[in-house]
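1. Here is my input; please provide its structure:
(one chain, ligands or ions: 1)
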Amino acid sequence: MRLDYLTIFPEFFDVLGISLLGKAVDNGIVDIHAHDLRTWTHDRHRTVDDTPCGGGAGMVMKPDPWGEAFDDLLGADPDPSVHVVIPTPSGTPFRQDDAAQLSHADRIVFCCGRYEGIDHRVIDYASEHWSVHELSLGDYVLNGGEVAALAMTEAIVRLVPGVLGNPESLSEESYSQDQEGLLEYPVYTRPASWRGWDVPEVLMSGHHGHIAQWRREQSRELTRRRRPDLLTDE
Ligand SMILES: Nc1c(O)cccc1[N+](=O)[O-]
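-> Numbering: from 1, shown residues only. So this is what the prediction gives:
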């Protein structure tokens with residue numbers, strides 16, 4: 001899997017060289033390239049923004065640098081197997097299903113906007129050539145798409161075979177299919193008693209059936225309280 005990041009702050013993506021993602025890069029499972037969008041500017045000030053047509057506050061990212069970056073990175077031939085991800089507050093919510101779908105991609109290009117956003121013609125042009133995903137990490141305001149791109153990257157890449165040491169752990173996580181899309185149950189480890197708080201007895205019983213039932217009940221109760229929207233049968 002090759003991941004490209006178009007951004008005016010490429011140093012944001014230096015962190016992808018550490019921990020599990022760093023190992024995936026070292027093992028050749030993932031190939032990461034961060035690009036400074038200003039590479040594709042031609043004026044003395046390396047300008048990437050301009051005032052919004054129709055007026056309004058702030059600045060809009062000019063289309064030209066993006067178009068020239070696409071030309072260099074992807075060429076002009078349409079290829080639906082290339083996924084262009086645009087983190088944006090106006091996108092559809094990024095969910096585990098999106099991470100699962102994108103984990104099968106061979107090529108993902110993250111376009112990280114700043115200011116008031118990217119000239120919409122860039123998205124229109126990209127949509128004619130590649131598979132475009134305008135995705136939102138959440139309903140809050142960030143200064144740009146870089147932090148969201150990092151979070152999406154982790155959610156996607158950890159699902160790629162060979163990245164996680166123990167793929168079994170994927171099946172018991174929140175939102176995973178094996179968890180019926182429910183929130184993950186509370187977890188405990190040693191000591192059995194800590195500052196007056198004890199590990200639930202059932203977890204110390206060694207009775208796997210009872211433990212599995214307790215965990216299912218905990219997941220459902222937690223989901224009912226915190227995320228009733230995830231419950232499909234209520
Ligand atoms: N929320 C937000 C933003 O304010 C700017 C860029 C991307 C996002 N997002 O993906 O959620």
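
2. who does the helix ranked longest in the chain touch, helix- and strand-wise?
-> In the chain, assigned by DSSP state H, the helix with the most residues is helix 208-226. Packed against helix 208-226, as judged by 3 or more CB pairs under 8 Å, 6 or more residues apart in numbering; DSSP states H and E, are no other helices or strands. Heads up, the C-betas are built off the backbone N, CA and C, glycines and all.

3. I'd like to know how many residues surround Asp119.
-> Asp119: 20 surrounding residues under other CB atoms under 10 Å.

4. Surely it and Lys62 touch.
-> Yes - counting by CB atoms under 8 Å, Asp119 touches Lys62, with 6.3 Å between them.

5. pLDDT-wise, which helix or strand of the chain ranks last?
-> In the chain, no helix or strand scores lower on mean pLDDT, DSSP states H and E than helix 19-26, which sits at a mean of 87.

6. which parts of that helix are buried?
-> 21, 23-25 (16 or more other CB atoms under 10 Å).

7. In this structure Met59 contacts Thr51, no?
-> Yes - Met59 is within contact range of Thr51, at 6.4 Å (criterion: CB under 8 Å).

8. The two: which is more packed in?
-> In this view Met59 and Thr51 are compared by other CB under 10 Å, and Met59 has more residues nearby, 16 against 12.

9. now the strands for this protein?
-> For the chain, the strands defined by DSSP state E cover 2-7, 31-36, 49-50, 60-61, 82-93, 107-111, 131-136, 193-194, 197-198.

10. near the ligand at all, the longest one?
-> Yes - applying CB under 6 Å from any ligand atom, one finds strand 82-93 touching the ligand at 87-89.

11. Thanks a lot, see you next time.
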